[in-house]
Structure formats: structure tokens, C-alpha cells
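>>> only geometry, no sequence info:
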């Protein structure tokens, strides 16, 4: 009850590692919240509003669909405002896909991040095992950057429409229940779980 910061997790169902739309989902998520300082959530929540030090989003790509999750922490009194911004930005991806310049930057970032993830022999071996475990095509590592570079603004808009659902999120907030309940009731029913 005396915490100064509330921890927030906002999410809904996501996609599986084998979903063909995962390639378009990567730049879409990078624009929304998975690209650090390139992302809209970081710009709005941290840079513009000063409400959090860090915020991020991502898909848990598993054999079966895992969750899509946005996570951050903020001052307890600002939790409702942060949730409001997150839901607005998720919905905004439907009507305002990335500009051509934004998409170029994000695709370059995604391709570079992918390459950096394969710097060691063990990382390459782990990625090859993943291909087998998830039943992905054997050339997936070789073609990944080309497939990401081929993603268009329309692909990202379609991915946002299909994969982002601000109207059906679950919100988990850890912090002082009385203050958080008052702020979060406008988003739906609130259940308090005592430790």
C-alpha cells in the first residue's frame, strides 16, 4: 500500500511463432513499443508526458499463441493516464500506420537487431534449434532480413488491425489497491488480489 510506483502490464492474446504474419508484426510492434526510443509509446509516455522511465511491448512467440504485452511502471497517481495513452496508441496503429520514413528506419533497426542476435556460435545454434522446434523453413535465418525489408505500410496496417485489440485488453496493476482501483475502474471491472 505504500508503493510510490505502480507496475503495469497491459495485454491480450497474441500470435504463435509459426504465424506467417509474425514478419509484419515485428516492424508493427517496433513502431508501437518494441523499438525503444524509436517507438511511439516511448515517445508519448516518456518523452512527451514524463510518466515513465521505460515502456515496451512485444509478442511472446511460442508454439501456441502467447500474449501480446505492454509493460511499464509509473507513479501511482499516473497509472490511469498511462493506461489511457497505451490504449490510444494501440488504437492509433489502426488508423495511422507508420510513415514511409518511419517504416524504413524501423525495418533497418529490426534487421540490425536480428544480425546482432546471431553474433556467437551458440546464438546461431540456438536459432537453428528454434527452426526445428517450431517447424519453420530451414532457410528462415537466411531470408529473414529480406522478408522484413519487403514489409509495406499496408502490411503493417493489416497486422495492426488483426493483432492489436485495445478494446479487449487485460490490465494488471501492482501497487496501492485503493488508488489504482479508482483510476482503473473506467477501463472495466476491477478485481483486487491481496498478497
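Structure's in. What do you need? Bear in mind the structure is a predicted one, so any value in this text is a computation, not a measurement.
>>> Which residues are in contact with the residue lying closest to residue 163 once chain neighbours are set aside?
Once flanking residues are discounted, residue 163 sits nearest to residue 25: 5.8 Å by Cβ to Cβ, 6 or more residues apart in numbering. (Glycine included, C-beta is placed from N, CA and C.) For residue 25, the contacting residues are 15, 19, 59, 159, 163, by Cβ atoms under 8 Å, 6 or more residues apart in numbering.
>>> likewise residue 75?
4-6, 51.
>>> where does the residue sitting nearest the centre point of the chain land on pLDDT?
Central residue of the chain (Cα atoms, centre = their mean): residue 57, 2.3 Å from the mean position. pLDDT for residue 57: 97.
>>> That one against residue 32, yeah?
Yes - between residue 57 and residue 32 there is a contact under Cβ atoms under 8 Å: 5.4 Å.
>>> I would like the residues contacting stretch 152-164, please.
Applying Cβ under 8 Å, 6+ apart, the contact partners of stretch 152-164 are 14-15, 21, 24-25, 27-28, 31-32, 59, 68, 90-91, 93-94, 97-100, 103.
>>> ugh, wrong one, I meant stretch 83-91
8, 10, 32-33, 40-41, 44-45, 49, 51, 55, 70, 72, 164-166, 169, 171, 183-184, 187.
>>> and what of stretch 42-56?
Residues contacting stretch 42-56 (Cβ under 8 Å, 6+ apart): 33-37, 39, 41, 70-75, 78, 81-82, 85-86, 89.
>>> quick one, what contacts the residue nearest to residue 137 when sequence neighbours are not counted?
Nearest residue to residue 137 in three dimensions, chain neighbours excluded: residue 131, at 7.5 Å (Cβ to Cβ, 6+ apart). Residues in contact with residue 131 (Cβ under 8 Å, 6+ apart) are 137-138, 140-141.
>>> hey, which helix or strand in the protein has the poorest pLDDT?
Counting by mean pLDDT, DSSP states H and E, the weakest-scoring helix or strand in the chain turns out to be helix 100-116, with a mean of 89.
>>> next one: that helix to chain centre, how far?
With Cα atoms, centre = their mean, to the nearest Å as the basis, helix 100-116 stands 16 Å off its chain's centre.
>>> Which residues belonging to that helix are considered buried?
For helix 100-116, the neighbour count (16 or more other Cβ atoms under 10 Å) marks 102-103, 105-107, 109-111 as buried.
>>> which one of those is nearest residue 146?
residue 111 (9.1 Å; Cβ to Cβ).
>>> That closest one touches residue 148, doesn't it?
Yes - the pair residue 111 / residue 148 is scored as a contact, 5.5 Å apart, by Cβ under 8 Å.
>>> Next SSE downstream of the helix or strand hosting residue 132?
Counting by DSSP states H and E, the element that carries residue 132 is helix 121-134. Counting by DSSP H and E, the next helix or strand C-terminal to helix 121-134 is helix 140-149.
>>> ok and the helix or strand following that following helix relative to helix 100-116, angle-wise?
Following helix 140-149 in sequence order, the next helix or strand is helix 153-163 (DSSP H and E). Angle of helix 153-163 versus helix 100-116, following axes from the mean of the first three to the mean of the last three Cα atoms, to 10 degrees, is 80 degrees.
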